[in-house]
Every structure is written in structure tokens, then in C-alpha cells.
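J.: can you look at this prediction? I've put the sequence above it.
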Amino acid sequence: MKRQAFILFAVIALLVFASTTALAAPVATFHATAPTQNDPTALNTTFKINVVFVGYQPADINLDDFSAELPATYDPLVRSPNVYYGITLPVNIHGDYEYNYVFADSSFNDSFFGYLTSIGTDGTLTAYQKAYNTQSNRSITIEPPHSLYIDAPSTELWLMQHGRSDLGLDVANYTIFFVNWYGRDDFQFHVYTHTGDPDPDTGVDFGSVYDQSKMIAWGGSYGRTWFYDLSAGPEAWSSNWDINEPDVDGGGDVDYRMPPVWEYGNLTGYRPFDNLSGDLGKVARWVAINLLFTTSPLYDPLVSEPFPGRGKRLYINMFEDDPSANGLDWITKRYILRIMRDFEPQYSWRVTIKDQPLKGSKMRRPFRIWAGWNGANGCWNDYGTTFAELFCTAQEKRDSFLPVVKPLKSYIGGIFAFNTTDDRMGGYGGLLGYADDDWVSGTPTYVFEFDYPGVRDAGFGFSTTTTHEFGHHLGMSHPHDGYDSTTGIDYDATGDYYFAWSGDESHTIMQYIGVTNQFGWFDRDNMNRFLTGRYLTRANEIAAQLGQRETSAEAAGLLGEANARLDDARGAFQRMDYQRAAESARAGFERVFRAAQISGLNVTMTEPLPAGVRTDRPKMVDTIPHQFQK
């Protein structure tokens, strides 16, 4: 039955070709490599994107300037191997974009701004609206001394529903609403809020407590929609309240940001505000499209996938290093389990917490070395930095901390949590955690996270850090850093891309702004697309190996079933039913995997990446955002 394996390989290739194309923390500002187009056998699709201007007139927007900023193609790759080790790992999805431009009519505008007025609540000016009033080069003064506070998710839902019913939009496609209320007789200064989702451990409701969390944009709560309102604010998060200072984060570069809409035409700010259309185009490309709608994974999501029929287990080692607090009081197991089950409901999930004193453990000395309190040599010497000490200790002594890995069993995600003090964090004050790689190829390994009085005072417990960091481990990027496949640039929210902070104003636990603690619509879409591409690729690789050996009738039957499942995955992908696509792609892969086992072929979930050359780019870590720092 050798021929059947060849048939599967050919059919997988046919499935690929048959698609139609009608349609962080302190890191370098960007990392540029040669743009990579995915393999010609990649999933091919066209993303239709609605761009809707609400409150803008056609004369306000130069569509040539706007469209000149937009991407033409999408070829995601796995970021960590590329940025840190020079290894290219495509996701094997290739897309292009088709843009539909719509200017909302006066009836829609009247209804929308009337709705904002009706749901808004009167509040004081935020600290950052007041700070704007101190800018020497400002065009106006924000008066009277109050601001309308508007619920962001409700606004998103209204735009989705009425965009469909009143403008005829297909909001199953990704949709950006660019909003401008300024200049109308009914205009009110306003900000958007998301409240009622407090940190599960500290109880701090960031959306209520912090002026830093009052926003000008939102999306991803109810669907594939994101709005961006430059007539709102000014706000802290994208620092658009500051129109005077070129370098707002102290990084040494001019930080490019979009001022309030009324500043366009003002040439006396930190830069001339003379291209509203181009600036909105930049937001569409470098925020909405690259960081929310169609992203690239930080890590290969296939690495953390369980073997067929198995689940995922988070195993948390809690190290107690603060005599005045117990780490178990600052972590909520039920919350973590609920969030992960909601994000990936196709798997069974378990969360285990092992509580232990740091003193006397095999992590005490490495933690002190890592934090700079112990200058001894250690396994870090092989990597040239003490920052590697936690990783290499966990790697060398893995079986002392985590369950032994058994063949064909559930995936175990190892998490090392340190309940410590501000002082014992040494030079890493403000650090919340990081999802580390193997220091060789960009393959995910362990999560390290930290809680201590300073971060708890800011409102952060272990639980949101755990879900955020494990989200990275699974492959999710932040909504303020990402990859632009057209230029090959990997970037974060600094310098020329400072305005990318606006991506945090969306429904995802991967943001820093703290107003929502769940994964959202964009997260699920992106993860399911990644898994579809990677499972199809891996099934193809195994099928090629099967083609070199005899297969039994049972294996041949499984391969035939796999073809049907992979065909279904491709069809669902084209319909934008990404959950169905991922489920069918995994089902097809599982049948290929079992056929390989029956045929005596020893296969793994992924092919190990080769060792790369470690670059000098600092590791991505998650700190208390500078917007929250005093």
C-alpha cells in the first residue's frame, strides 16, 4: 500500500494550490530582515477589509495618501526564531488585501453621535486632558472642565450592528471605523472606557481607577471590528496629549504619534501635523492590520500542542520568598483555568500549583544570581549573561520541578512563579514576567513570573501575568508589537512606531493597558489561523516521510480520512470560519500521525529547529508599562 501515502501528499498539495485568490519591554525599535513569502503550497486567501470614515467628509481624506500606507500582502512567520536567532519559520499562509472604502452619510453620523451622547456619563477631565491644556503649542483649550465617559465595547457593538444594517457592510470581514466627532454642533470632549473586569487577585479595576486607561480606540469584544477616534481624549496610552516633546518615553528617538484631530494643520508641534490621511493609513497598517487583524505568532504554536487525544497542563512552581506575603493569596487557579479553557476549548486543561519556600530549593541560588545579588558563576556563563540563569537552571534540573515528560502524553507548560520582595528583585524592579525560549532557536520553553509589593500596589497579581505569559508561550504576540511581512520589519511601540501602543486598546489579555483580562475575537482568529497553517504543513511533512515506506490497509484508510478533514479545513479557512478550520486541520493531522505510527514511523509534533546565531537584540520581557509608572 505504499502508493496511498504518495496520494495523500499529492492531495495535500492539491488542496493548497486549489485555493482561489479572488480576493515589551526595552527592545530595539525594529528588526528588519528580507521579506519572506511563504511556501507556494501555503494557504492562500484574500482578506477583505472595510475602512469606514465616520464624521469625516470625503474632502477631509486623501485616499491616495491613505492607501499608499497600506500593505498589499500577508506572509506571517514565527517571530522569535527570526528576530533572535535569524531562523525563518513560515506559518505557510499567504494573503492579499482588498480594501472597501466607505464614508458614512449624515444620517449614520447623526445617529452614532447621538448614541454616544445618550450612553456617555459626565466625568471630570482626565489628568491627560488637563496636561494637554498645558502644552504651549496646542491649538485649543479643552473646556468646559468635564468630559464624557463612553463605554467602549458598547460603541464597538453599535458600529458593528449599524454598519451592517445602515451601511450595508459585511462585518464578518475585518472593519476599521475611523471616527471624528470634532467640528459638529453636538461635539463633546470624551474618552472611552472599559470597566467591570478587575484583576482577579488584587481587585483593581484598571478601567475605573486609572486615567491612563481612558482610551480613544477599541475593538475585538464582539467581532472583527476596531474603531479609532482622534476626536477623543487626548489620552495617555499613545501619549497623544503631548504635542511638544519629541521623545516621550526617554528612549532617545523621536516618538511618532497621532495628535488629536483638531491639531492637524498645526505646524508648531514636535513635528508638523500636516498629513491626517497618511497618519490614519499608518494606524490602519501598523496597528489594526498587522497587530490585531492578521498578526504573526511570537512562537510556533505547534510546539505547545498536545499529542493526539491529549490535553494541556499548566504546572506552576510557586517559590515563596517574601516572609510578609503568601503567593497563593495572589493567584486564582479557577480564573486561569477558565481563561485558558475559553481560549482553546478543544483541549482538556489542568492547572497545578506546587507551593514551596525558595529557601532550600534548587532555585534559590539561581534566582539570586539572576537578580544580581549573587555574583557567582553558574550555568549562565555558557550564555554570557546572568539573565539566562533561570532558564538554564530550569532546563538542567527540569525533572526536579516538573512532571517527567512521557511519550504521547499531555503537553506540560512549566511556569516558575516567584513571590518575592521589591528589594530581592534587584535590578529588575517593575518586571512582571517573560515567556522564555531555548536560547538556541527561538523555541518556547518556560515562563518566569514575579509578584511583589510594588507590582501588587499597581494592581497586578500572578493570575493575569500567568495567562498573559502563557499566551506568549502558545504563540500570541502583544497588540503593540509585531511583524510587517511586506517590509520584513519586526517592530514595537517605540520611535517611528510609538503609535502602535494604540493596539492595546482592544479586547485581549495580551495588552498592557489592563482593562480586560480575557482573550478576544482577534486572538482566536489569529491562533486558529496559525494552527491551520502549521497543522497542514506538518501533515504534509509526515506524508512525505510516509511516501518512502509501505503502509497497511488501516493506515491507508486513515490517510483517506485525513484528506477529507484537510479539505474541510481549507474550505472553512476560505469562509473565515477559523475555529472550524483549525479543528479540521488538527483532525486531519491526527489521522496522518496515527497512520505514521501504524507504519512504524516515529514522528513528533514538530521538527526541531536548527540552532541559529543569537542576535544582540534584548529579550522581550513584560514590565509594568511606563504609562503606569510614577
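T.: Structure's in. What do you need?

J.: ok, for R549, nearest residue in space, not its chain neighbours?
T.: With sequence-adjacent residues excluded and distances taken as C-beta to C-beta, 6 or more residues apart in numbering, R549 is closest to S599, at 5.9 Å. Any C-beta I mention is one placed from the backbone N, CA and C, and that applies to glycine too.

J.: how near is the one you found to L536?
T.: Distance check for S599 against L536: by C-beta to C-beta, to the nearest Å, it reads 20 Å.

J.: neighbour-wise, which of the two wins?
T.: Using other C-beta atoms under 10 Å as the criterion, S599 and L536 rank with L536 on top: 27 against 22.

J.: which of the residues in the helix or strand where the more buried one lies are buried?
T.: For L536, the element it lies in under DSSP states H and E is helix 521-546. Of the residues in helix 521-546, 521-543, 545-546 count as buried by neighbour count, 16 or more other C-beta atoms under 10 Å.

J.: from the contact counts, what lies against that helix?
T.: Under the contact criterion of 3 or more C-beta pairs under 8 Å, 6 or more residues apart in numbering; DSSP states H and E, helix 521-546 touches helix 2-17, strand 43-54, strand 93-103, helix 333-343, helix 553-574, helix 578-598.

J.: can you list the neighbours in contact with the third one?
T.: Under the criterion C-beta atoms under 8 Å, 6 or more residues apart in numbering, residues 21, 23, 37-38, 42-53, 56-58, 61, 63, 67, 70-76, 167, 169, 173, 289, 294, 529, 532-533 lie in contact with strand 93-103.

J.: 6 Å - rerun?
T.: Contact partners of strand 93-103, identified using C-beta atoms under 6 Å, 6 or more residues apart in numbering, comprise 23, 38, 42-53, 58, 73-76, 167, 533.

J.: kindly format the C-alpha coordinates of it as CSV.
T.: In CSV, the C-alpha atoms belonging to strand 93-103 read as follows (Å, rounded to 0.1, in the frame of the first residue of the first chain):
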residue,chain,number,x,y,z
ILE,A,93,-0.3,31.3,5.0
HIS,A,94,-0.3,33.8,2.1
GLY,A,95,-2.8,36.5,1.8
ASP,A,96,-3.5,39.7,0.0
TYR,A,97,-5.8,42.5,1.0
GLU,A,98,-8.8,44.1,-0.7
TYR,A,99,-10.0,47.4,0.7
ASN,A,100,-13.5,48.7,0.7
TYR,A,101,-13.7,52.5,1.5
VAL,A,102,-17.0,53.9,2.9
PHE,A,103,-17.8,57.4,4.1
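
J.: what separates the closest residue in space to F293 that isn't next to it in sequence from T46, distance-wise?
T.: Distance criterion C-beta to C-beta, 6+ apart; nearest residue to F293, sequence neighbours excluded, is Y174 at 4.4 Å. Distance from Y174 to T46, counting by C-beta to C-beta: 12 Å.

J.: got it, and M215?
T.: Look at M215 and T46: by C-beta to C-beta, they are 31 Å apart.

J.: for P260, same thing?
T.: In terms of C-beta to C-beta, P260 sits 35 Å off from T46.

J.: more neighbours, those two?
T.: Each of P260 and T46 has its neighbours counted (other C-beta under 10 Å); P260 has more, 27 against 16.

J.: distance of the more buried one from F499?
T.: Taken as C-beta to C-beta, the span from P260 to F499 is 13 Å.

J.: equivalent analysis for Q518, please.
T.: Counting by C-beta to C-beta, the gap from Q518 to F499 is 25 Å.

J.: neighbour count for those two, which is higher?
T.: F499 (21 against 17).

J.: find the nearest non-adjacent residue to D504, please.
T.: Q511 is the one closest to D504 (C-beta to C-beta, 6+ apart), at 3.9 Å.

J.: that neighbour: neighbour count?
T.: Q511 has 23 nearby residues by other C-beta under 10 Å.

J.: surely it is within a helix?
T.: No - assigned with DSSP: H, G, I helix; E, B strand; the rest coil, Q511 falls outside any helix and is coil.

J.: surely it is in contact with P479?
T.: Yes - judged on C-beta atoms under 6 Å, Q511 makes contact with P479 at a distance of 5.5 Å.

J.: any common contacting residues for the two?
T.: Joint contacts of Q511 and P479 (C-beta under 6 Å, 6+ apart) are D504.

J.: pass me the low-pLDDT residue ranges in the chain, would you?
T.: 1-41, 626-630 (pLDDT under 70).

J.: circling back to that earlier point, pick the most buried one from the helices and strands packed on helix 521-546.
T.: Comparing those by mean neighbour count (mean count of other C-beta atoms under 10 Å), helix 578-598 ranks first with a mean of 22.

J.: tell me the helices and strands packed up against whichever helix or strand comes after it.
T.: Using DSSP H and E, the helix or strand that follows helix 578-598 in sequence is strand 622-623. With contacts taken as 3 or more C-beta pairs under 6 Å, 6 or more residues apart in numbering; DSSP states H and E, strand 622-623 sits against strand 431-437.

J.: appreciated, that's everything.
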